Structures are given as structure tokens and as C-alpha cells.
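*Asks:* just to be clear, the model below is a prediction. Sequence and coordinates:
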Protein chains: 2
Amino acid sequence: MIKQLTIIGVGLIGGSLARALKRAGAVGEVVGAGRDAEHLQRALALGVIDRAEANLAAAVQGADVVVVATPVGAAEDVFRAIAPALPTDALLTDVGSTKDSVVAAARAAFGELPKNFVPGHPIAGTEKSGVEASFAELFDGRRVILTPTENSDPAAVAGVREMWQQAGAEVVETSVAHHDEVLAATSHLPHLLAFSLVDTLAKLDDKQEIFEYAAGGFRDFTRIASSDPQMWHDICVHNEPALLKMLERFEADLDKLRQAIADNDSDYLLQVFTRAKAARDQFCDDA
Amino acid sequence: MIKQLTIIGVGLIGGSLARALKRAGAVGEVVGAGRDAEHLQRALALGVIDRAEANLAAAVQGADVVVVATPVGAAEDVFRAIAPALPTDALLTDVGSTKDSVVAAARAAFGELPKNFVPGHPIAGTEKSGVEASFAELFDGRRVILTPTENSDPAAVAGVREMWQQAGAEVVETSVAHHDEVLAATSHLPHLLAFSLVDTLAKLDDKQEIFEYAAGGFRDFTRIASSDPQMWHDICVHNEPALLKMLERFEADLDKLRQAIADNDSDYLLQVFTRAKAARDQFCDDA
């Protein structure tokens, strides 16, 4: 039982975590903190948080668990703001999509990595954002990846793990570097491609008609381009090495496909399409 | 009322058209034709077609309407096979995703474009294929694009239009060239990107884990990579000019994004992501 949970950044993820823990009866008071006072008032009105605090240091006072759920670009400022007031035994975790940058931010803000700091990342979300989009079931059956640092206390890891399990998630652990590589491949690169494609089409002269003729496949394919631009800006900037590595690999492969189309190389096209279909059918059970 | 409808290629699209017209009571006998006898027997067993014909010339005898619903690469062979037996007053249409290549195939097979030939393309489908995946509601409220040729008789255009309306679709008309450009942008390029991304990831050493960590956004984004490889091979080959033009534009834009990430150019990234989100939110109503 968490007596006081402080969530910094009460958006889709932070708000859904509060709702999920309340659903489980696993939390006493939820304190919400963030820069936008109006947004916090909406979270309060929705019953997602029990108390709103504009001041981050005040918000973490008395907390058992502090969850940083802002875009990853804000992590260092948040850590600096809470460092003086964070209770010694409070667990500190985050939900950022990039882990190396968040660990670096913690190191910079705290001087050394706190033993109660356990970086985390729930593999859940929708293209929507804001507390209004939050819901208690968001994490049910979804994975949360924890990437403990060399300083993370096993008891702190166990505590953060338990919190996510009570929120409905399945918890796995991996290294910071491996997390960032895998997420670059499965999440960051696809988002980049979706944003890029929609932008390319939006710049065409007949974009109105282009989008009107778009069918279901296009809607599914580009859904993630409706995601929050600031959040994805932060992810691209903060997972730069892994994302660039994957993007360069993708660009090289795509260019080979382009060449195969130009050359009428049917064998190559069929080989790529067949291998891709087999991989997706194997790994994604909705196929 | 269509007395005899002959469908060549009874897959997802051909099968769904048969089901939709039967639902509407708009067709008498549906004759199914194609190379795969076993497949035709399944279509017969499912009640999608009323008669199976392995011989294409025999299949079109007595038809009021003939719909070619094979992958576009087979169009010319099909047209050549049916040319000697096609009744003079039968309407001929197709459902191919590329229209210039199908018109060229008809010109090659028939010598000149038949006045009863009206190229068409229903903007509907799923990543599934085969008659087992067909359903009567596939075209409900979806668009069908007709691209009449310079030889198309207005009465033939009206007849094909009526058929699709009875199948539940909304029919629009545009030129062959414009169709091919718009579809390259909204359908062919996205499919190519999805196939290419999944293939890039499937070649990684830790692909098992890569796909395991993939969340909902990835599943949506890559769903179209489960589409039929042969069909998409044909589309890429047969819409080469328009697809290459759009692909080159996309590659150039993507490379600018890559450079912006490498340069930490936050303004550029935010500008692209914000413009893309605005365009998608505006044009796709599920956002």
C-alpha cells in the first residue's frame, strides 16, 4: 500500500497510473504536480488526483513513491527541483520512453544515482494525450520495462515492480542500453516514419483529396502521427544514437527496395514482402 | 439486376463483391473463375459463388458483367483469355490498385479499349486475403474510384457505378493518372514502408525480443505488412512511375528529419511533427 503517491506530469500515462492504482485500492493519497495549474485542476476535478501542487518540492514531501511522467526533455529540471525535498526512503521512478537520457539527467541533478531511483517505461499508450485521455485499464496486461541502474537498491526495484503489477502490468527488466535500442526499433522509428509520411503528403498540392482517398490501412498506419509533438521531439532528441542507428539501417533497406522497383527486380520485392509478412504474422497475433 | 456476374479471381475483393450483391438481391448467378480449382471449390462451398469455371472463356459466356479481381500483374493474361468469348454487351471492369497498367493491359489484349470497359478500384480491403476473408459489408460506405477511358461508353460507366452502389459503396470518378498518383501516396507508399520496416527489424539479431516489446502503435503501424506479397509486388511493379516519384519525395523528407535529429534541430522536428499531427487530426476522424 502506497500512502502518498506523487505524480509529476499528470497526463495520459501519469493519470492512468493514478486511476489504475486507485482501482486496485493500492494507494492512499495521490498528489499531482506540474507546470500547468489549469491542467492540474482538471485532473483534480476528474478525481484522478486528490491534491494538486504547483511546487514540485512541496509535492514530493511526505511521498512514499514519486513518479516522473513528464516528457523526457523535462526530466533533469524535475529531478533538480525535487532533489532537496525528496524523502530519503521514497521510491523514485519515471515513465520515459528513453532511459539513457533519464539516467544521465538523474546523475546530473542528484550528483550520483540515488539508490531508490529505478528508471521505468510502460509499453502502453495511445496517440491521445492529456489527463482527459487517461483510463484505469491502460496498463492491463501490458509490459513495463524497468532498467535498474548500478546503484538501484533491490528493495527499490521490488517496490516499483509491485506498484506496476498492482496497476495491472507485467514487469520485465533489461539494461538501459538494450531498452533504448529495442524501443528505437519498435516505437521511435515507426513514429518518426508516420510523422514524416503524413508531413510529406500534407505538403502536396492536392492534400485534401489525398487524405480523402485514404482508406483504413492508411488510418492505422498513420494513427501514431497524431501523437504529442513535444513528447516525440524529446524522444528523438534524447534517444539520438540508437534512433539514428536504426534510421540509417531503415533508410539503406528502403533505398534497396526503391532500386528494386526501378530495376523491376521481382525476386527481391517478393523476398522482402514475404519475409516481412511472415515475421509480422508470427509475432503479432492480430494477423 | 445483373443476371450473370462473372468474377475472375474470387479473393477478398471479388468474394466480398459477390456477397454484397447477393445481400442486395442485385445479382442472379455468380460465376467464379480462376486458376486455383481448390480455391474455387471453397468459394462454392461458402456460397460466395454459384458456379465455378476453371476456363476463363467459358466463365464469361453469358455474363452481363465481368469483374477482374486478380492481382494486377495477371490482368493482361486474363483479358487475352476472355477476349474471344466476352459477350459484346457485357460490362467489363476490374478492381486493381493500379489503373494505368490495367488500361495498358486491356489495350494490348483487346487491340483497342472496349467501349464497355470501365476500370475501377474499390478503396477497401484488409490485410487479409482469400475468399475466406470476404464479407458482404466490406464496401459499405467505402469509396470506389472509377477511371473511365476515352473509349468508355457513358452507359457502361453508369452500369458499373450502379453495381458498386448496390454493393454499398460510394462511387467517384477521376482520371487514370490522378488515381495512380493519389494511391501511390495514400496506399502504395505506406505499404512499402510497412513491409520495409518489418523486414529491417526481422533481420536484427534480437528480433524475437524486438517484436515482443512492440506495443499497440507498432501493431497498427505494421498491420498492412501482413498483406499479400504477390499482390503488393504487382502493385509496386505496375505503378512504378507514380510510386517512385512519391518514394523519392518521402526519402528526401525523411533524410531531412534524420539530419535534424543529428543536428539537434528542435525547431525543425517540432515543426514537422506539429504539422503532421494537425494534418492527420484534420483529415482522419478517429484522432
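*Replies:* Noted; the coordinates are in hand.
*Asks:* for the residue in the stretch 1-150 of chain A that chain B sits nearest to, give me phi and psi.
*Replies:* Distances between the stretch 1-150 of chain A and chain B by C-beta to the nearest C-beta are smallest at A:I123, namely 4.4 Å. No exception for glycine: its C-beta is placed from N, CA and C like everyone else's. With angles defined as degrees, to the nearest 10, A:I123 sits at phi -90, psi 70.
*Asks:* that one: neighbour count?
*Replies:* 24 (other C-beta atoms under 10 Å in any protein chain shown).
*Asks:* repeat for the one 10 residues further on
*Replies:* A:A133 sits with 16 neighbouring residues when counted by other C-beta under 10 Å.
*Asks:* tally of neighbours for the closest residue to it other than its chain neighbours?
*Replies:* The shortest distance from A:A133 to any non-neighbouring residue, by C-beta to C-beta, 6 or more residues apart in numbering or on different chains, is to A:L12 (4.9 Å). Around A:L12 there are 26 other residues, counting by other C-beta under 10 Å.
*Asks:* how close does A:L12 sit to A:F135?
*Replies:* Distance, A:L12 to A:F135, by C-beta to C-beta, to the nearest Å: 9 Å.
*Asks:* quick one, strands of chain A?
*Replies:* Taking DSSP state E, the strands of chain A run over residues A:2-8, A:27-33, A:51-53, A:65-68, A:91-94, A:117-118, A:120-122, A:143-146, A:170-173.
*Asks:* in stretch A:3-10, which residues are buried?
*Replies:* By 16 or more other C-beta atoms under 10 Å in any protein chain shown, the buried positions in stretch A:3-10 come out as A:4-10.
*Asks:* taking these as a set, which two sit the farthest apart in space?
*Replies:* Distances among these were taken as C-beta to C-beta; the most separated pair is A:Q4 and A:G9, at 16.8 Å.
*Asks:* picking up where we left off before, which among the buried residues of stretch A:3-10 gets closest to A:A202?
*Replies:* When the buried residues of stretch A:3-10 are compared against A:A202 (criterion: C-beta to C-beta), the nearest one is A:G9, at 29.2 Å.
*Asks:* check contacts around the closest one.
*Replies:* A:33-34, A:68-71, A:74, A:78 (C-beta atoms under 8 Å, 6 or more residues apart in numbering or on different chains).
*Asks:* residue closest to the middle of chain A?
*Replies:* Geometric centre of chain A, nearest residue: A:S97, 3.9 Å, by C-alpha atoms, centre = their mean.
*Asks:* number of nearby residues for the closest residue to that one other than its chain neighbours?
*Replies:* For A:S97, ignoring the flanking residues on the chain, the nearest one in space by C-beta to C-beta, 6+ apart is A:I235 at 4.9 Å. The tally of other residues near A:I235 (other C-beta under 10 Å) stands at 26.
*Asks:* show me where the stretch 1-150 of chain A has its helices.
*Replies:* A:12-23, A:37-45, A:56-60, A:75-82, A:100-110 (DSSP state H, counting those that start in this stretch).
*Asks:* give the other helices and strands that the second one contacts.
*Replies:* This points to helix A:37-45. Identification of packing neighbours for helix A:37-45 by 3 or more C-beta pairs under 8 Å, 6 or more residues apart in numbering or on different chains; DSSP states H and E yields strand A:27-33, strand A:51-53.
*Asks:* one more pass at 10 Å, please.
*Replies:* Judged by 3 or more C-beta pairs under 10 Å, 6 or more residues apart in numbering or on different chains; DSSP states H and E, helix A:37-45 is in contact with helix A:12-23, strand A:27-33, strand A:51-53.
*Asks:* what's the shortest one in contact with?
*Replies:* Looking back up the chat, that one is strand A:51-53. Outside strand A:51-53, the residues that touch it by C-beta atoms under 10 Å, 6 or more residues apart in numbering or on different chains are A:4, A:6, A:8, A:10, A:29-34, A:37, A:39-45, A:59-61.
*Asks:* out of the helices and strands packed on helix A:37-45, which is closest to A:V182?
*Replies:* helix A:12-23 (18.7 Å).
*Asks:* what is the mean pLDDT for that closest one?
*Replies:* Mean pLDDT, helix A:12-23: 97.
*Asks:* next one: stretch A:147-155
*Replies:* The pLDDT scores in stretch A:147-155 average 98.
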